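Asks: Need a 3D model of the sequence below.
(chains A, B and C)
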Amino acid sequence: MEFTINQVAGMLHGTVQGDGSEKINMLGKIQDAKKGQITFLSNPKYEQYIYTTQASAVIVKKDFQARKDITTTLILVDDPYLSFTVLLEEYHRAISFQKTGVEDPSFIGKNVSVGKNIYRGAFSYIGSNVNVGNNVKIYPHVFVGDNVTIGDNTILHANVKLYEGTKVGSDCVIHSGTVIGSDGFGFAPQEDGSYKTIPQLGNVIIEDKVTIGANTVIDCATLYGDATIIRQGVKLDNLIQVAHNVEIGKNTVIAAQTGISGSSKIGEGSVLGGQVGIAGHLVLANYTSIGAQAGIGKSIKEEGAKIIGSPAFDVKEYYKAYAVFKRLPDFNERLRELERKMMQLNGSLASEIEKMEDE
Amino acid sequence: MEFTINQVAGMLHGTVQGDGSEKINMLGKIQDAKKGQITFLSNPKYEQYIYTTQASAVIVKKDFQARKDITTTLILVDDPYLSFTVLLEEYHRAISFQKTGVEDPSFIGKNVSVGKNIYRGAFSYIGSNVNVGNNVKIYPHVFVGDNVTIGDNTILHANVKLYEGTKVGSDCVIHSGTVIGSDGFGFAPQEDGSYKTIPQLGNVIIEDKVTIGANTVIDCATLYGDATIIRQGVKLDNLIQVAHNVEIGKNTVIAAQTGISGSSKIGEGSVLGGQVGIAGHLVLANYTSIGAQAGIGKSIKEEGAKIIGSPAFDVKEYYKAYAVFKRLPDFNERLRELERKMMQLNGSLASEIEKMEDE
Amino acid sequence: MEFTINQVAGMLHGTVQGDGSEKINMLGKIQDAKKGQITFLSNPKYEQYIYTTQASAVIVKKDFQARKDITTTLILVDDPYLSFTVLLEEYHRAISFQKTGVEDPSFIGKNVSVGKNIYRGAFSYIGSNVNVGNNVKIYPHVFVGDNVTIGDNTILHANVKLYEGTKVGSDCVIHSGTVIGSDGFGFAPQEDGSYKTIPQLGNVIIEDKVTIGANTVIDCATLYGDATIIRQGVKLDNLIQVAHNVEIGKNTVIAAQTGISGSSKIGEGSVLGGQVGIAGHLVLANYTSIGAQAGIGKSIKEEGAKIIGSPAFDVKEYYKAYAVFKRLPDFNERLRELERKMMQLNGSLASEIEKMEDE
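Replies: As a prediction, the model looks like this:
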C-alpha cells in the first residue's frame, strides 16, 4: 500500500500545501513519525511537534496558522482527526484482506462450498457440509466443525473454534482462541449425588457485523432447533462467558471477563462493564448500563437503567451507600456513643424525676 | 441414525397409536418439529401444538385425551419428558461417537498405545509414551504431551491441550481450548525485587466421568509425585482457573469463571456459582454451596454451609446485611438526626436542672 | 538425566554419608520417594520418614543426628531445602530444553531467521519476516504471525498465539492458549446506535524474563508505533485480561483472572490478587498491593498502598468496615431502639417540664 500525498489528499477531500508528489506508506504519531509516514495534528498541545516532525505529511485543520517554519507537507481538511481515522480504516482493511489463497497443509471436508478470494491458513480445519462466503479469512489452526456457515468478509483469527452447526454472519471478526458452540453446562442431579449430562443439541447464531475478542466462549443452546443468539453489531471483548440459550441484543457492547448465565436475554444498545456476572433466566431491558464487577440477580424492566453492585442497584444510590460503608467503623462509634449518652440521659432524667418527686 | 416409530416405542417401552412404520431421524420441539422428527408433550400449556405439529411422532402421557383430531402418530408412555431425555441421550451418544478413524496429517510419537475405535482428527498431536483407551475421540488441534494416559470413551474436543504427564480417566468430556497441566504460579522473591521461577514438576489427575468446559485451565502440582486432582463426576464450566495442588471432591459442580487458588481442597457434592474466588490453602467441607461472585478467605468446617459475599458468610445473613447496606445513606441521616436531638435533649435537660436548682 | 549421588553432592557442595556410587534420575518427596530418587529433609516433623524412605539419597542439614538406623545415603549440606530447589531447577531446565529439532509438518514463512538449537513442534506456524533467537522452543500448534521477534531461551507452549508484530524478549515462558496482540476493544459509537471498529495498529512488547500463564490475553496498542508493554520480570497467571496500551511495571506479579482496562499503567514491584478489575486510563504507583476481587477506579499515587474492595480502599479500613457491614441488621435494630427511646425521652421530658411548670 503506497500512495502519493496528492492521492491521499484526494481521498480526504483536502488541499495540499507543499510537495504532494512524495510517497507515503505508513501512518504514525506526530511525535515520532518518520519519512514515508503521514500523521495528523488535532489537539493544540501537540502543535510543537509539527515544526520538528520527520513525517512526510501532516493532516491539519484548514485554518491552521503555522507560527514557525514547517518542512513537512500539509494536507488541509475540515477535521484532521476524522480524516486520520478514515486513513486508519483504509489501511486496516488493506492489511486485513491482503491475505488470500490456501497454505498447505490444510484440511477440508466433503461438500464444502467456498466463496471467492478467501484465505485458508496452514493447519486450518474445515469439516463437511460447510458454507464459506466471499473474502473470508480463515487463519492457521482455525477449526470449523461440520454444518457450519460463515458469511462474506468475515475474519476468523488463528485458532478460533466453531463447533458443529454454528452460523456466523457477514463482516464479523472473531479473535484467537475463542470457542463458539461448546456444550451448555447442563446436568441433571441423580439420587446418588452424581450428575447426568443433559445433551446439548442446539447451536449458536452470530449475526452480521459482530466482533468477538480472544479466548471468549459462547455455548450452544440445549434443545435441537434452539440457538444462543448474538445479534447484529454486538461487540464482545476477551474472556467472556456466554452460556446456553443466551440472547444478546443488537449493538450491545460487553467488556472483558463478563459472564452471562443460561437463558438470559440482554436488551439491545446495552453497555456492560468488565467482570460483570448475570444470573440465569433474566430479561434485561434495552439500553441497560451495568458497571464493572456488578452482579445481576433480577430482571430489569425499565429501559436505560444504570446499575452497579452485587447484587446491583442504581449506580448513584450504590455510590452513596458505599460512601457510608467506608465510614461504618466511625458509624459504629457514633452509635455506641449515642447509646451511652442515652443510658446516661435516662439515668439523669430518672434521678431528676426522683429528686422532684422527693421534694 | 434412523429408526421407525415402532422401534423407538420399543426402546421407550411405549405403545404406538397411529402409523408406526414411518422413519424418524431427528428430535425437535413440538412448536416447530418437521416431518421425520419426533417430539414430546409434557407441559399442558403446549397441548395446542399437538393438533398442528408436523412431527412424525409425539411422545405423550399414556392417559392423554385428545380434544381435537390428531394427524401425527403418538407414542404413549408413563413420563414423556423422561422418555424424551432418554432419546436425547441416545442421539447424543450416537453423534458423539460416530467419528472414527484417523485424518491426515496427524502426529503420533513413539511408544504410543491406542485402543479400538478411536478418532484422531487432522492436526492432532500425540507425544511419546502415551496410552489412549478405547472409543476415545481426539478432535483436530488437540495436543497430548508425553507420558499422558487417557481412559476409555473420553472425548477431547478441538484444541484441548494436555501437558506432559496428565492422567485423564474414562467417560470424560473436555471442551475446546481447555489447558490441563500448565505450570503452577510459583515464584520465589529475590533480594533485588525479581522473582525466581519455582519449577513445577507434578501433574494433573482427572478421574472418571468428569466434564470440563471450554478455555478452562488446570495447573499441575508443584512437586514431583504430587497432583492437582479432579475427582470422579466433577463438572467444571468454562473459563475456570484451578491452581496447582488443588483437589476438587467427587460430584462437585463449578460454574463459569470461578478461580481456585493453590493447594485448596473443595469437598465433594459442593456447588460453586460463577465468578467465585477461593484463596489458597483452604479446606472446604463437603456439600458447601457458594453464591456467585463470592470471595472465600477462610476454610469451611461445617458441611452444607451456604455462603456468599466477599469475604463470604452465611447467605441469609449476607442478604439481610446487604438490604441495610442499600439504605445506608438514609441511615446516616437517622444517626445525624439522633445526634442532633441528643444534643438538644442534653441541653434542655441541663437547663431544666439548672432551673430546678435555681428554684 | 542420570547422575551418581557423588556427582549430585558435588553440585551441592555437600558431603556424602553412605554409598555415593548409586545412580539417581528423579526427585521425590520423602514420604513416597522410591529407589533411584533423591529427596530432602528440612522440616523436623518429617524426620520419621528418613528411617523408612526408599529414596536412594536424602539431602539433610549437616548437623543432622539420626536417632535410629538409616539405610539411605545422606548428602550433608548447609540448607537442605535450598539445595533441593537447586536440583529442581537443574532438572526443570534439563527437561524444558531437551526438545530440539523440527517435527513435520510445520510451517515457516519467508525471510525467517532462526537461532541454534531450537524446537519447532508439528503443526507450529511461523509467518514471514520473523526472527527467532537461540534455544527457543516452539511447541505444536503455536502461531507466530508476520514480523514477530522472539528472544533467546524463550519457551512458547502448545497453542500460544502471537499476532503480527509482537515482540517477545529472552528467557520468557508463555503457556498454552495465551493470545498476544489481539485487537484492542475500541469502537466509536455512531448516530444509528451501531459501533464502528477503530482499527488497532499498535503491537505488544514483552520484555525479558516474563512468565505468562495459560489462556491469558494481551491486546495490542491502538495506534501504529504504540505498544502494550509487559516489563522485565513480570509474572502473569492464567486467564488474565490485559487491554490495549496497558503497561505493567518491572517484576510485578498478577494472579489469575484479573483484568486491566485500556491505557492503565501498573507500577513496578506490585502484587495484584486474583479476579481484580482495574478501570481504564489509571496510573498505579510502584509497589501497590491489591487484594483479590478488588475493583480499582482511581489512580494510586502513594507507593506501597495496600487496598481491597470494589471500589477499593485501604485494606485495614476495608476489613473494619466489612466487620460492621456483617452486623448491619443488628445495627438497624440498635438505631431503631435509639429512635424509640429518644421519642420516649422527649415525651417524658416534655411531660416533666409540663408538670414542673404546672406546679
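
Asks: where does the residue of the stretch 1-150 of chain A found nearest chain C land in three-state SS?
Replies: Nearest to chain C, among the residues of the stretch 1-150 of chain A, is residue A:92, at 3.3 Å (Cβ to the nearest Cβ). Any C-beta I mention is one placed from the backbone N, CA and C, and that applies to glycine too. Secondary structure assignment for residue A:92 (DSSP: H, G, I helix; E, B strand; the rest coil): helix.

Asks: who touches it in this structure?
Replies: Going by Cβ atoms under 8 Å, 6 or more residues apart in numbering or on different chains, residue A:92 touches C:199-201.

Asks: Check the residues you listed one by one and keep those near chain A.
Replies: Filtering the contacts of residue A:92 for proximity to chain A by Cβ under 8 Å from any Cβ of the partner chain leaves C:199-201.

Asks: Neighbour-wise, which one of those leads?
Replies: residue C:200 (24 neighbours; other Cβ atoms under 10 Å in any protein chain shown).

Asks: which non-adjacent residue is nearest the residue in chain A that chain B sits nearest to?
Replies: Distances between chain A and chain B by Cβ to the nearest Cβ are smallest at residue A:199, namely 3.3 Å. Distances taken as Cβ to Cβ, 6 or more residues apart in numbering or on different chains put residue B:92 closest to residue A:199, at 3.3 Å, once the chain neighbours are dropped.

Asks: Format the contacts of residue A:92 as TSV; extra columns: secondary structure.
Replies: What follows is these, written out as TSV (three-state DSSP):
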residue	secondary structure
C:199	coil
C:200	coil
C:201	coil
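
Asks: what ranges do the helices span in the stretch 201-350 of chain A?
Replies: A:315-326, A:328-358 (DSSP state H, counting those that start in this stretch).

Asks: Show me what counts as buried in the first one.
Replies: Read it as helix A:315-326. Across helix A:315-326, burial judged by 16 or more other Cβ atoms under 10 Å in any protein chain shown covers A:315, A:317-318, A:320-322, A:324-326.

Asks: Could you do stretch A:79-95 as well?
Replies: Buried-residue list, stretch A:79-95, by 16+ other Cβ under 10 Å: A:80, A:83-88, A:90-92.

Asks: what does the stretch 1-150 of chain A have sitting close to chain C?
Replies: A:26-29, A:32-33, A:85, A:88-89, A:91-92, A:103, A:105, A:121-123, A:139-141.

Asks: What subset of those is buried?
Replies: Counted by 16+ other Cβ under 10 Å, the residues of the stretch 1-150 of chain A next to chain C give A:26-29, A:33, A:85, A:88, A:91-92, A:103, A:105, A:121-123, A:139-141 as buried.

Asks: got the residues of the stretch 201-350 of chain A near chain C?
Replies: Within the stretch 201-350 of chain A, the positions near chain C by Cβ under 8 Å from any Cβ are A:209, A:211, A:213-215, A:233, A:235, A:237-239, A:250-251, A:253, A:255-257, A:268-269, A:274-275, A:292-293, A:322, A:325-329, A:331-332, A:335, A:338-339, A:342, A:345-346, A:349.

Asks: switch to 6 Å and redo it
Replies: Applying Cβ under 6 Å from any Cβ of the partner chain, one finds that the stretch 201-350 of chain A approaches chain C through A:214-215, A:233, A:235, A:237-239, A:251, A:256-257, A:269, A:274-275, A:292-293, A:325-326, A:328-329, A:332, A:335, A:338, A:342.

Asks: Also near chain B: which of those, exactly?
Replies: A:215, A:338.

Asks: which of the residues of the stretch 201-350 of chain A next to chain C are buried?
Replies: Among these, those buried by neighbour count (16+ other Cβ under 10 Å) are A:214-215, A:233, A:235, A:237-239, A:251, A:256-257, A:269, A:274-275, A:292-293, A:325-326, A:328, A:332, A:335, A:338, A:342.

Asks: measure residue A:178 to residue B:143 for me?
Replies: Shown here: residue A:178 relative to residue B:143, a distance of 18 Å by Cβ to Cβ, to the nearest Å.

Asks: Over to residue A:31?
Replies: Counting by Cβ to Cβ, the gap from residue A:31 to residue B:143 is 43 Å.

Asks: How about residue A:147?
Replies: On the measure of Cβ to Cβ, residue A:147 and residue B:143 end up 25 Å apart.

Asks: Comparing those two, which residue is more hemmed in?
Replies: residue B:143 (29 against 17).

Asks: Check that one and give its pLDDT.
Replies: Listed pLDDT for residue B:143 reads 98.

Asks: residue contacts, it?
Replies: B:125, B:161, C:140-141, C:158 (Cβ atoms under 6 Å, 6 or more residues apart in numbering or on different chains).
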